[in-house]
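**Student:** sequence unknown, structure follows:
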């Protein structure tokens, strides 16, 4: 994936520097905690998508750097709170914030990142772009809540799953892809196309993430597999597995036990992993990749639109 | 305190209604959780202060209602995360959100309130007022983090305590008192006076809160006493007690044990409670009350400025 982002890597470095500057605290105790957060940085996919879109639409300007930093701060805040909720020990192969700094600091650190993201975005001075950021973050938080409240409930339909992954993941991709249009003077049709692209790549990304939770190599994805099922989260691979095995009462019984360490959970994870539910879910992700590529057709061809197109393929291929 | 707020009670009802409207979710599972939050509402002190100030400065307009609702949402979010961090079972005599809905929902519910507060404030359409809200929320989160990181450290100076209570409590009172000036066309000197008022009443409020944590009647304050010391938080009563008993090594040894249930903790709480440290801390709060009243002198005398003045006295009297 890194090669695809080479065209915007100096800008990505600027986004990272902006994040560090925004989070800086004059209070030494707080600064030490923030410094401990820095190795947490991931692949910066959302700012990268924003920057590629900006280049594809006429070039990167300073508001794009700030807005990209705000998106990544929001994303990092959700990860810190997610890991705390899931009690996950590892993220990207590193110990998570709540394991390193304690649950208390993890709750407050997430809050600190959220509010600094909004403050940074407010500083850009574009009210409409700021309103889109606050509305999108609402959607993300509602999606996270929805996911937790729907856990272990086999009445959670595929429509609910779709709504959850749109809210918790795709909405932020939509905003990343649309941000250059929002911050500039793009036509209504260009703005809509970029929203379609963001939605499609976001949904593909989350479905692949949910597939990797079953089939991914723990060493490669940086966390143990089967975590979603252990937490009672009903994702697309499980939904497809249940459809294909309507007579199997085991799933409902196991979920109702609320015991992620139950020995039969490991058996069920293996069954899903080796079933055709995995391919069925990946086919769905591939469908979204095609839609993402079609949405790009409205942009003039350049190395940047090519990178945006290749990115969609890379996202699904990481599960192969 | 309620009698003081009678003049703005219809506006307070409008603030409460706005909060309910903003938090409403089309997702039934999320809405059920939000409904469970409603009995959580407290005395709405921050919106009340904003509304009284608005009336004192020329009248309440719709942006004041929205901004007041945003302030109360921010405040409620910090309480939910605070109670989770402190593992407090009771708040205002009712079971806390994480006890009723679980830690996971409490983390996400707090996030949901934060982001909805920003979204509501963004909808008012005043970029400067929104920037002050995001900056103030940054300050609050940094203050909460600072407080946790300074816990159990007897090197935590009084200057650090002052910085912590300004950030975690007084900053939001400053914004509440200044909001009508921010949302209107007040003079620079009026804006500064209201900031001084908010700072002074906020500091008095937090010092009294910290005193009540030692001497308050659990039935009246709605939570057990001594909680701060049990969590290792070094507040003004303890700072004054240590100054007055420089030879007592017990405090440092006890804090280092990190055991809030240690039998000697109860003994130390009793010692602080019956020492003159309590009066010394209350004297400090009274000093801030006088400063708050002086800051009000710039406003034309009305029933609203009188209520703002009386409010400062009521805040300290609740500890008597």
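**Tutor:** Looks like it came in fine. None of these values were measured; they are calculated from a predicted model.
**Student:** Let me see the contact set for residue A:286.
**Tutor:** A:204, A:316 (C-beta atoms under 8 Å, 6 or more residues apart in numbering or on different chains). Glycine gets a C-beta too; all of them are placed from N, C-alpha and C.
**Student:** Can you report phi and psi for residue A:156?
**Tutor:** Backbone torsions for residue A:156, taken as degrees, to the nearest 10, come to phi -60, psi 110.
**Student:** Roughly how far does it sit from residue B:57?
**Tutor:** Per C-beta to C-beta, to the nearest Å, residue A:156 is found 51 Å from residue B:57.
**Student:** can you check residue A:268 too?
**Tutor:** 64 Å.
**Student:** ditto for residue A:65
**Tutor:** 39 Å.
**Student:** Tell me which of those two has more neighbours.
**Tutor:** Set side by side, residue A:65 and residue B:57 show more neighbours around residue A:65, with 23 against 19, by other C-beta atoms under 10 Å in any protein chain shown.
**Student:** State the helix or strand in which the more buried one lies.
**Tutor:** Residue A:65 belongs to helix A:62-86 when assigned by DSSP states H and E.
**Student:** Run through the neighbouring helices and strands of that helix.
**Tutor:** Contacts defined by 3 or more C-beta pairs under 8 Å, 6 or more residues apart in numbering or on different chains; DSSP states H and E place helix A:62-86 against helix A:9-23, helix A:45-56, helix A:97-101, helix A:103-124, helix A:127-149, helix A:171-183, helix B:103-124.
**Student:** Helix or strand next in line after the fifth one, which one?
**Tutor:** Of the helices and strands lying after helix A:127-149 in sequence (DSSP H and E), the nearest is helix A:158-165.
**Student:** contacting residues for the nearest residue to residue A:201 once chain neighbours are set aside?
**Tutor:** Distance criterion C-beta to C-beta, 6 or more residues apart in numbering or on different chains; nearest residue to residue A:201, sequence neighbours excluded, is residue A:292 at 4.6 Å. The contact partners of residue A:292, by C-beta under 8 Å, 6+ apart, come to A:196-197, A:200-201, A:204, A:309, A:312.
**Student:** if we go to 10 Å?
**Tutor:** Shown in contact with residue A:292 (C-beta atoms under 10 Å, 6 or more residues apart in numbering or on different chains): A:173, A:177, A:196-205, A:308-309, A:311-313, A:315.
**Student:** Just the buried ones from those residues?
**Tutor:** A:173, A:177, A:196-205, A:308-309, A:311-312, A:315 (16 or more other C-beta atoms under 10 Å in any protein chain shown).
**Student:** Look at residue A:232 and give its secondary structure.
**Tutor:** On the three-state scheme (DSSP: H, G, I helix; E, B strand; the rest coil), residue A:232 is labelled coil.
**Student:** count of neighbours near it?
**Tutor:** 19.
**Student:** surely it meets residue A:258?
**Tutor:** Yes: counting by C-beta atoms under 10 Å, residue A:232 does reach residue A:258; the two are 6.8 Å apart.
**Student:** intersection of neighbour lists for these two?
**Tutor:** Contacts common to residue A:232 and residue A:258, judged by C-beta under 10 Å, 6+ apart, are A:151-152.
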